[in-house]
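**Q** model this:
(one chain, ligands or ions: 1)
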Amino acid sequence: MWEDFMGKIKLYIISGFLGSGKTTLLKQMLTQWHDQKVAILMNELGQFNVDSTILGDKTPMNELLNGCICCDLKSDVEVQLHDIRHRHQPDIIIIEATGVAHPVEIYEACLAPSLTSFIQIQSILTLVDGPRFLDRAQYSVTTVHLMEEQVRYAHSVIINKKDLMSADDIRSVTEQVESLNPAGEVFVTSYSEVPDTVFAGEGVRPGIHQHHHHGIQSMVYTFTAPIDSRRFVSWLRSLPESVLRIKGYLKFRENPGQVVLFQYSYGIPQYEPEEMNLPLKLVVIGEQLDKNKMLDQLDQLQFS
Ligand SMILES: Nc1nc2c(ncn2[C@@H]2O[C@H](COP(=O)(O)OP(=O)(O)OP(=O)(O)O)[C@@H](O)[C@H]2O)c(=O)[nH]1
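**A** Purely as a prediction, here's the structure:
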């Protein structure tokens, strides 16, 4: 069964290195969407969220403090998103990740099987601090890698702090960003001032609505019955490297009463028995996913 994405809460993820202009962008988004119900999930590494005081108290805000969304707080994201939905019923949720969060991990955290029925990830927006990005060779290999991954996996990249760059710098950083993420949309801004069109219409400009064609994508498949474990394993072996993560709940024919939590990351599968009788949904996350092919393969697993 193919999940429909209509009528869900739209989720935007703001990623980007420390101090790149994420909160500045968030403020703009709130202004642009003043006529829609927006809630924020703010993630800070420390115990105190400075940005909540900057943003004021008009917009509902949940916080994930003292850790990074993409590592130790992954399961908390699921809890917080349920809580936001329950308490505020927003049209839009914006997540501001910490500067050190990896976008694929955040994306994955927001695709817990229990969330997919009401959350639709619209876009990952990555802020790039232009001057700092050009100067990134001064940082450790890990930091440089993270900064580049944040660019690589974004649907839109906002190269910020234009006012601090020469025309040559702007050209150079734009070329570097485009070569890391040729399919992404690139904006060059001061104080994260993206064009209004980014937020037009239903909150998504037509270009962004097409984001399923590039960057990270996901699909959700619901099994209605237990499947054959050997076929499942051969399907896993056949997957291309562009499949980044899979997770969800399954039942196998050998033990049809047992729900199994399944996770797949970097080609390594993990199976754990699950106590609760949860819906048998599988979330697949990848780059350039061939969804029709995937759907056919999952149908074959289900019906053969
Ligand atoms: N000169 C200049 N400063 C900017 C620009 N955009 C943001 N800033 C400043 O940069 C600082 C960091 O901006 P924030 O929006 O808080 O950045 P952030 O990514 O949310 O920062 P963290 O939450 O600490 O990771 C603030 O002092 C902003 O006023 C810009 O385009 N040019």
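
**Q** and the closest residue to Leu64 other than its chain neighbours, how many neighbours?
**A** Excluding its sequence neighbours, the residue lying closest to Leu64 (Cβ to Cβ, 6 or more residues apart in numbering) is Asn43, at 4.4 Å. Every residue, glycine included, has its C-beta placed from N, CA and C. Using other Cβ atoms under 10 Å, Asn43 has 26 neighbouring residues.

**Q** and if you look at Ser304?
**A** 8.

**Q** now it, nearest residue through space, not along the chain?
**A** Using Cβ to Cβ, 6+ apart, the closest residue to Ser304 is Arg231 (7.1 Å).

**Q** does the one you found sit in a helix or strand, and which one?
**A** helix 229-237 (DSSP states H and E).

**Q** which element follows that helix toward the C-terminus?
**A** strand 243-250.

**Q** Show me what the following helix or strand past that following strand is in contact with.
**A** For strand 243-250, the succeeding helix or strand toward the C-terminus, using DSSP H and E, is strand 259-265. Here strand 259-265 makes contact (Cβ atoms under 8 Å, 6 or more residues apart in numbering) with 236, 243-252, 269-274, 276-278, 280, 282.

**Q** Give me the buried positions along strand 259-265.
**A** Across strand 259-265, burial judged by 16 or more other Cβ atoms under 10 Å covers Val259, Val260, Leu261, Phe262, Tyr264.

**Q** Pick out the residue nearest the middle of this structure.
**A** Tyr107 (2.5 Å; Cα atoms, centre = their mean).

**Q** Look up how far Val233 lies from it.
**A** To Val233, Tyr107 is 26 Å away according to Cβ to Cβ, to the nearest Å.

**Q** again with Thr142
**A** Thr142 is 33 Å from Val233, by Cβ to Cβ.

**Q** which of the contacts of strand 259-265 are buried?
**A** Buried among the contacts of strand 259-265 (16+ other Cβ under 10 Å): Val243, Leu244, Arg245, Ile246, Lys247, Gly248, Tyr249, Leu250, Lys251, Phe252, Leu280, Leu282.

**Q** hang on, isn't the second one packed against Gln288?
**A** What that stands for is Leu244. No. The pair Leu244 / Gln288 is not scored as a contact, 10.8 Å apart, by Cβ atoms under 8 Å.

**Q** anything in stretch 174-191 near the ligand?
**A** Yes. Judged by Cβ under 6 Å from any ligand atom, stretch 174-191 and the ligand are in contact via Ser190, Tyr191.

**Q** Only C-alpha atoms, please: export that stretch in CSV.
**A** C-alpha atoms of stretch 174-191 as CSV (Å, rounded to 0.1, in the frame of the first residue of the first chain):
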residue,chain,number,x,y,z
THR,A,174,28.4,29.2,-5.1
GLU,A,175,30.5,27.0,-7.4
GLN,A,176,31.6,24.8,-4.5
VAL,A,177,28.0,24.4,-3.3
GLU,A,178,26.7,23.6,-6.7
SER,A,179,29.3,21.0,-7.3
LEU,A,180,28.5,19.3,-3.9
ASN,A,181,24.8,19.4,-4.6
PRO,A,182,24.1,19.9,-8.3
ALA,A,183,20.4,19.2,-8.0
GLY,A,184,19.7,21.5,-5.0
GLU,A,185,18.4,25.0,-5.3
VAL,A,186,20.9,27.7,-4.3
PHE,A,187,20.2,31.1,-2.9
VAL,A,188,22.7,33.8,-1.9
THR,A,189,21.5,36.0,0.9
SER,A,190,22.3,38.5,3.6
TYR,A,191,20.6,37.8,7.0
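
**Q** Now do the buried residues in that stretch.
**A** Under 16+ other Cβ under 10 Å, the buried positions of stretch 174-191 are Thr174, Gln176, Val177, Leu180, Asn181, Gly184, Glu185, Val186, Phe187, Val188, Thr189.

**Q** Which pair in the residues you listed has the greatest spatial separation?
**A** The span of those, defined through Cβ to Cβ, is set by Leu180 and Thr189 at 18.0 Å.

**Q** for the ligand, what are the nearby residues on the stretch 151-300 of the chain?
**A** Asn160, Lys161, Asp163, Leu164, Ser190, Tyr191, Ser192.

**Q** Which one of the residues you listed sits in the busiest neighbourhood?
**A** Neighbour max across these (other Cβ under 10 Å) = Asn160, 30 neighbours.

**Q** quick one: it and Ser20 touch, right?
**A** Yes. If you go by Cβ under 8 Å, Asn160 and Ser20 touch, sitting 5.9 Å apart.

**Q** what touches both of the two?
**A** Listed contacts common to Asn160 and Ser20 are Leu127, Val128, Asp129; contacts here mean Cβ under 8 Å, 6+ apart.
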